[in-house]
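*Asks:* Take a look and give me a structure for this.
(2 chains)
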Amino acid sequence: MIIEKDQEETRYFCCKGCEGVYHLLQDEGLDTFYEKLGNQTLHPATQSDDDLSRFDLEGFKNKYIKTNSDGFNEISLIIEGIHCSACVWLNEKVLHQTEGIIEATINYSNNKAKVVWDEEAIKLSQIIEKIRSIGYNAYPYDASLQEERGIKTRNDYYTRILVGVFATMNIMWLAIAQYAGYFSGIEKEHKNILTIAEFVLATPTLFYSGWIFFRGAYFGLKNHFVNMDLLVATGASLAYLYSIYAMITKHGEVYFDSVTMIITFILVGKYLEVLSKKQASDTLDKIIGTMPTEATVIKEGEKALVSVENIEIDDIIELKPGEKVAIDGILENSAASFDESSLTGENEPAYKASGDTILSGTICLDSVVRYRVTKRAEESLLHTITEMLSDSITKKPYIEQLANTISGYFSLTILSIALATYAFWQWYSGSFETALITAIAVIVIACPCALGLATPMATLIGVSRAAKRGILFKESRMLETMAKSTLLALDKTGTITEGKPSVIHLYTYDGFDPALLLALVQSSNHPVSQGIQEKLYTAYPNLILPSLTDIKSIDAKGITAKSKAQSLAGGNASLMHSLGIETEFQSKHTLFLFAQEGKITAAIELQDRIKKAAKETIQALQSQGLKIVMLTGDHEASAHGIASSVGIEAVYHSLLPTDKASLIDRFHEAGEIVVMAGDGINDAIALAKSDIACAMGSGADIAIEVSDVVLLDDSLERLADAFEISQTTFRTVKQNLGFSILYNIVTVPLAVAGYVTPLIAALSMSLSSLVVVANSSRIKLRRKT
Amino acid sequence: MSGSIITMMIGISTFLGALGLAALIWGIRTGQFDDQSKFIDGARFDNEEELRDAIQMEEKKKRAKAKAEKEKNYMPAD
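*Replies:* Next up, the predicted model:
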């Protein structure tokens, strides 16, 4: 802690970084930031590494910087470290006060910023440096991706729906007056005024809000198929034209209210589906943004930063601890531990010695190493993965929805019936007007309202019921796809198992001091140490920790330390051997040995435990006829061990992320509809490729982003619930569709016979929609038996 | 009730409603509802200082634009 005394005030800082930030803000006159902060606490400011020069490189410029219409530079940044509105305020303020920055806006919800600056006054690296100097970090992303388009479509729909809702609400009270007049008598003059008002309101609804349907119908016809949009568009515009005719000739009833209601209702249904389209681009941006663009190349004994694209095969690259591997290669004359969790999903670091292959995307953990490049940047694994990922996000398999299939036939049938009705009445009564009115009545009465609402209503309620159980469906149509699925692919670590080792046996011997062991394992954040810590906290509460000195962590073996005069060692058997301590312990699980003064006082067995109720859930799903396979990056023995204990027969092991993805492709070729459940970065491509992707709530960001379903509490039981809910919902969708077709079978003949009065039309229209809504709400009432 | 009164009432109420609708649509189109959190917190940071800041930014933009314009039209005397 740093204590600083000013004339009157005494300030406390946790570190130099925070003190620096405070003075910087004070000098700029921005110290009200700390008042705005309220009860928020900040993370200590970190000193960033000097990679600033990369922001001024030519390649970087071409990729991320755009020139806007005024001739200024523009870039989209993701700002890291924002957690309250005061942070947004501070960043905007600081950027605004910087000379040369013309515009800076930050979106608090997703931490994305748009910065416009004058290239001659300031360089991008200086801007990034400014952001870093106040304790945040920024990296660029490509904003022209799906995200912006998504927001645009959403706002477009909003506007159209608002116009529709506004018109419908107003037309409703006009129509009530008209219907009242229909029964109790109304003056011709007043009726005409109401009609004209309705006309004024219906026109923008049909042509502006209803534009979506005209467009949809046009594209449908262009590709030679009849869709629901065509029925809505013809129905609404015919009713509209006829109503204008009735308005001018002043006899007959007008249907302006039906026009706006049909358009608005079905538009809302359509919007419910558009709304939930997910935006996977967000996290992809993050991955691409953190991809190393340069590496330290050793040439003739000299170190040089070379941009990744220019690195040739057989170049030697130096890697410092904490650095991410940019290009695949082979280690030379050095050894280190690597964090491979982004590729295999296993948390335990892998120890690599000279001659071992290292893959891009892994992180060097503990020493400076040199390696020989074996692949060019664009062929390296990390690059391939991001390529595949952005590819598969846009090319998600699409399962045709039942409602769409039906509505095609439905539209065609109704349109031909209407045409036949017109021909019949023309021949029968000889009057063009009667024939046209009857034909229009057929189309209007075959109100596609119920049909249009059948799926969205049911899925919306299904999604909300799932959300109450901790299952988040990101897109409502996924419920139907999930109900139709035939194969479930499960990841091992983190999905079937808990993903971290926990203690299964703790053997202690004379002289064992748990406080010393706890102090020792606390000095490391290796997953094994953390598993032991958890066990010690529960087995020996209230330990008083001694202080340790000379803490050394030994690559892939363990830790040694000293407490007062006592020497301590904790790690695997090979650590004990290298220290000259005799052991006879053997275990098929992970084994951790603890020695005090060269004598082993504790042996601990750890294993990645299978989740609760995993076996029962998997059996229940299998009994429903679902095929279940396991995909894992782990090695054969442990994969089969876990699989046999939960009852999965089909096991694919030692898979790289790309292998998992190609397996999903193979399942697709075999005609399966695949649900994939996983949690790691390594599952991301496979998740993106499968029909339904399920991510665990505690999983990696990217896995959650690309998936369609998120299980908040990580349990497999929720997965079974998700299947149950989706099946119930799909059953309801089928009932709704069945009902609206039945309704049409009853009412359309009436319309054909010419028996439809405006009253029947209005009543049946609301009734059919109400039945669909009521039937859908039953999903919410159903309890799991 | 006479026809003209009904016409006027319907006309005025629809017009007022349409004004509100137009304002709401303008808000959506200009992205004022895109960032929910900032929208909600907006009141906390809405004061004179912010206003001055906004004006300052606009002036800065104008200056930079004028400068760029000047340089584009600059012709060396020969």
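*Asks:* Buried residues, stretch A:638-650. List them.
*Replies:* Neighbour counts over stretch A:638-650 (16 or more other C-beta atoms under 10 Å in any protein chain shown) mark A:638-639, A:642-643, A:646, A:648 as buried. Using the backbone N, CA and C atoms, a C-beta is placed for each residue, glycine as well.
*Asks:* So chain A: which segments form each domain?
*Replies:* Under automatic domain parsing, the residue ranges defining each domain of chain A are A:2-144, A:146-275, A:285-394, A:471-497+A:613-729, A:500-610.
*Asks:* Which one of those lies nearest to chain B?
*Replies:* Proximity to chain B (C-beta to the nearest C-beta) singles out domain A:2-144 among these, at 4.0 Å.
*Asks:* and the closest one, what's its mean pLDDT?
*Replies:* Averaged over domain A:2-144, pLDDT sits at 74.
*Asks:* same check, this time on stretch A:625-639
*Replies:* On average, the pLDDT along stretch A:625-639 is 84.
*Asks:* Kindly report the same for stretch A:605-622.
*Replies:* Taken as a whole, stretch A:605-622 has a mean pLDDT of 85.
*Asks:* Please save the CA atoms from it in PDB.
*Replies:* Output of stretch A:605-622 as PDB, limited to C-alpha atoms (Å, rounded to 0.1, in the frame of the first residue of the first chain):
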ATOM      1  CA  GLU A 605      -5.100 -38.800  -5.400                       C
ATOM      2  CA  LEU A 606      -7.000 -36.500  -7.700                       C
ATOM      3  CA  GLN A 607      -9.500 -37.100 -10.500                       C
ATOM      4  CA  ASP A 608     -11.700 -35.000 -12.700                       C
ATOM      5  CA  ARG A 609     -15.100 -36.000 -11.200                       C
ATOM      6  CA  ILE A 610     -18.100 -36.900 -13.300                       C
ATOM      7  CA  LYS A 611     -21.000 -34.400 -12.800                       C
ATOM      8  CA  LYS A 612     -23.900 -35.300 -10.600                       C
ATOM      9  CA  ALA A 613     -26.700 -37.300 -12.200                       C
ATOM     10  CA  ALA A 614     -24.700 -37.500 -15.500                       C
ATOM     11  CA  LYS A 615     -25.200 -41.200 -15.900                       C
ATOM     12  CA  GLU A 616     -29.000 -41.100 -15.200                       C
ATOM     13  CA  THR A 617     -29.500 -38.200 -17.600                       C
ATOM     14  CA  ILE A 618     -27.500 -39.800 -20.400                       C
ATOM     15  CA  GLN A 619     -29.500 -43.100 -20.000                       C
ATOM     16  CA  ALA A 620     -32.800 -41.200 -20.000                       C
ATOM     17  CA  LEU A 621     -31.900 -39.400 -23.200                       C
ATOM     18  CA  GLN A 622     -30.700 -42.700 -24.800                       C
END
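*Asks:* picking up where we left off before, could you save the buried residues of stretch A:638-650 as TSV and add columns showing secondary structure and distance to chain B?
*Replies:* TSV is the format used below for the buried residues of stretch A:638-650 (DSSP: H, G, I helix; E, B strand; the rest coil; distance: C-beta to the nearest C-beta, whole Å):
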residue	secondary structure	distance to chain B
A:Ser638	helix	44
A:Ala639	helix	44
A:Ile642	helix	42
A:Ala643	helix	44
A:Val646	helix	42
A:Ile648	coil	43
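*Asks:* how about these in a markdown table, adding distance to A:Val710?
*Replies:* Below are those laid out as a markdown table (distance: C-beta to C-beta, whole Å):
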| residue | distance to A:Val710 |
| --- | --- |
| A:Ser638 | 27 |
| A:Ala639 | 25 |
| A:Ile642 | 23 |
| A:Ala643 | 25 |
| A:Val646 | 22 |
| A:Ile648 | 23 |
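*Asks:* Tell me which of the domains of chain A is the most buried.
*Replies:* domain A:471-497+A:613-729 (a mean of 21; mean count of other C-beta atoms under 10 Å in any protein chain shown).
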